[in-house]
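J.: Return a 3D structure for these sequence lines:
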Amino acid sequence: MNNKGIFRIYPLVPVALCLVSGIISGQWLIAYADSTIWIAAVVVLSAISVLLFRFPVFQSYAILVTSFFIGCALISVAERNYRVQLPCGAIQYEAVVVTEPVERGKTVRFDMIISSGPLSGRTVRASLLKDTVTGRYAALGVGDGLTAYSVMKPPKNFVDSNFDYVTYLKAHDVTAQTFIFYRNWRKASVSMSRLTVWQRSRLSFMRMRHKIMEKYRNIGLDGDNFAVVSAMTLGHRSDISSELRATYSTAGVSHVLALSGMHLSIIYLLFSLLFVGLRFAVLREALLVVSIWFYVFMVGMPPSVVRSAIMISVYSIVGLTGRDRMSLNVLAFAALLMLVANPFCLYDVGFQLSFISVAAILIANRNIANIVSRSFLQRHRILNWLWNLLVMSCSAQLATAPLVAYYFGTVPTYFLIANIVVVPVVTIILYLSALTLALFFIPVIQKMAVMLLVFTVGSLNTFLKMVSSLPGAVITGVHINAVQLLAVYVVIISLCLLCHRIFFKRRASF
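T.: Numbers count the residues shown, from 1 in each chain. Below you'll find the predicted structure:
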């Protein structure tokens with residue numbers, strides 16, 4: 001794009017923003033415009049964009065408008081493919097469990113893929129009533145087949161909540177919800193032939209994750225220790241107690257319990273150590289990228305991890321050419337790939353928090369981080385680490401605070417103190433977790449590693465409980481609506497642009 005400013009420096013950023021705007025607009029207009037209208041608009045505008053090759057500026061704006069209509073078409077097609085006529089009344093069906101069953105009071109909740117009947121190939125979120133006499137539910141795990149008899153119902157949003165649960169389920173490809181009475185199901189051998197290759201592949205990776213979780217239990221991890229380690233390494237958060245979850249949230253570090261770019265970056269460094277002896281750079285980077293994506297599939301492909309994996313893949317490939325590895329362009333590229341693959345991802349809270357926080361960090365590193373002399377920071381490594389952590393934590397927290405307030409109504413106040421301790425400790429936990437699994441052939445040393453891991457996790461939990469108990473640790477009752485959320489971000493962006501212009505002018509005058 002032959003324009004000025006961000007259009008010239010980061011051409012993919014305006015394209016991604018237009019695509020996002022198109023997805024939101026297409027969602028609003030879903031009842032008034034069919035997907036064929038949007039597709040026809042995309043075809044016409046694409047042709048116009050090609051014909052304007054002699055006029056770069058007009059071609060740039062034509063591409064942006066085309067991106068907008070592509071977003072409208074994507075969400076419209078996704079909505080059409082998602083719709084399915086649910087059977088009336090209870091039906092008999094076969095299914096395969098594809099997520100870890102989680103106990104919720106008197107029920108066990110899990111996702112399953114239907115393998116027979118009119119909903120064959122569709123994912124359904126099931127709530128299974130526990131049979132406390134026989135306890136059959138306790139033996140249900142990932143990959144198990146079952147036959148059941150229940151009523152399929154369309155997803156519904158929660159009352160008095162900003163969280164769009166229906167769209168959240170769409171983003172995770174969940175078509176319906178069902179409640180299964182304990183007498184109306186049994187385990188059975190189910191044929192996988194009706195499942196797609198993609199579904200069977202994901203199921204294989206989820207089985208692998210389940211086996212690693214069993215190994216954690218076998219080496220002595222239980223309770224909060226197991227919950228924290230499995231959340232930080234495998235993305236399994238269902239065993240985290242409500243008390244522990246509240247502790248991490250109040251301390252402002254709940255992001256460490258959800259796999260994110262920070263976790264994947266640490267794991268990337270761990271993989272880098274494994275391939276450090278390879279002489280061929282291309283082979284080393286290829287093995288690193290394959291290992292990272294293997295891990296991403298195993299942990300269930302949450303949006304924040306997929307975003308990070310795409311950026312790391314670009315980081316590895318571009319690094320071979322000697323160019324700038326990380327920029328807003330790479331972030332926009334990751335967003336474009338994910339939204340084209342599944343436009344419903346836009347409405348996933350993890351997707352929104354992940355992209356906004358990384359964008360804030362990239363902008364801060366380019367502007368705010370340079371306030372302190374680089375030569376000074378290079379001479380003082382500890383100060384350099386603390387300064388970078390301060391910039392990243394503050395920028396990410398301030399950028400995501402409006403979203404957190406919108407969805408959860410809370411704003412933590414001691415996040416900076418907590419993150420200074422949490423970030424290095426999480427690194428230690430991830431490395432110790434990998435070490436405990438790798439030392440299976442030396443039981444004595446493995447036991448020592450487990451003891452150190454348990455001590456580290458326990459110390460982290462104790463520290464965060466102390467932080468969360470401090471006076472004014474969290475501001476509650478901060479509820480804003482969508483219009484107020486948009487207004488807050490307009491103010492934040494305006495202030496950032498103003499500060500950037502003032503700082504740029506001062507730096508140019510010296």
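J.: Surely Ile428 is in contact with Thr456?
T.: Yes - Ile428 is in contact with Thr456 according to CB atoms under 8 Å; the separation is 5.6 Å. Any C-beta I mention is one placed from the backbone N, CA and C, and that applies to glycine too.
J.: higher neighbour count, those two?
T.: Thr456 (19 against 15; other CB atoms under 10 Å).
J.: Hmm, that one is touching Val425, no?
T.: Yes - if you go by CB under 8 Å, Thr456 and Val425 touch, sitting 6.5 Å apart.
J.: in the stretch 301-450 of the chain, which segments are predicted with low confidence?
T.: Applying pLDDT under 70 to the stretch 301-450 of the chain flags the ranges 319-326, 366-374, 376-378.
J.: what do you get for the chain?
T.: Low-confidence segments of the chain (pLDDT under 70): 1-8, 160-162, 277-279, 319-326, 366-374, 376-378, 500, 502-510.
J.: Give me the domain ranges for this protein.
T.: Listed by automatic domain parsing, the domain ranges of the chain are 6-82, 90-193, 212-479.
J.: Just tell me which of those domains ends up closest to Val491.
T.: Closest to Val491 of the domains of the chain is domain 212-479 (CB to CB; 9.6 Å).
J.: first to last residue in the closest one, what's the distance?
T.: 40 Å (CA to CA, to the nearest Å).
J.: Can you tell me what sits against the helix or strand hosting Ile428?
T.: When elements are assigned from DSSP states H and E, Ile428 belongs to helix 415-438. The set of residues external to helix 415-438 that reach it, using CB atoms under 8 Å, 6 or more residues apart in numbering, is 212, 215, 219, 228-229, 232-233, 251-253, 256, 262-263, 266-267, 270, 386, 389-390, 393-394, 397, 412, 446, 449-450, 452-453, 456-457, 459-460, 463-464, 467.
J.: again with stretch 258-267
T.: The contact list for stretch 258-267 (CB under 8 Å, 6+ apart) reads 231-235, 237, 255-256, 292, 295-296, 299, 302, 304-305, 307-309, 311-312, 350, 354, 358, 423, 426-427, 430-431.
J.: Residues in contact with stretch 439-457: which ones?
T.: So stretch 439-457 is contacted by 215, 219-221, 224-225, 228-229, 425, 428-429, 432-433, 435-436 (CB under 8 Å, 6+ apart).
J.: Filter the contacts of helix 415-438 down to just the buried residues.
T.: Neighbour counting over the contacts of helix 415-438 (16 or more other CB atoms under 10 Å) leaves 212, 219, 228-229, 232-233, 251-253, 256, 262-263, 266-267, 390, 393-394, 397, 412, 446, 449-450, 453, 456-457, 460, 463-464, 467 as the buried ones.
J.: Can you tell me which of those end up in strands?
T.: Secondary structure of the buried ones among the contacts of helix 415-438 is defined by DSSP state E; positions in strands are Pro412.
J.: secondary structure class for Leu221?
T.: Three-state assignment for Leu221 (DSSP: H, G, I helix; E, B strand; the rest coil): coil.
J.: got the contact list for it?
T.: Taking CB under 8 Å, 6+ apart as the test, what Leu221 contacts is 229-230, 450, 453-454.
J.: Would you reformat the residues you listed as JSON lines and include distance to Ile39?
T.: What follows is the contacts of Leu221, written out as JSON lines (distance: CB to CB, whole Å):
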{"residue": "Val229", "distance to Ile39": "47"}
{"residue": "Ser230", "distance to Ile39": "44"}
{"residue": "Val450", "distance to Ile39": "56"}
{"residue": "Leu453", "distance to Ile39": "53"}
{"residue": "Val454", "distance to Ile39": "56"}
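J.: what's the closest of those residues to Ala40?
T.: The closest of the contacts of Leu221 to Ala40 turns out to be Ser230 (CB to CB; 48.6 Å).
J.: Okay, the closest one and Ala309: tell me how far apart.
T.: Distance of Ser230 to Ala309, given as CB to CB, to the nearest Å: 20 Å.
J.: Lys187 contacts Ala148, doesn't it?
T.: No - between Lys187 and Ala148 there is no contact under CB under 8 Å: 10.2 Å.
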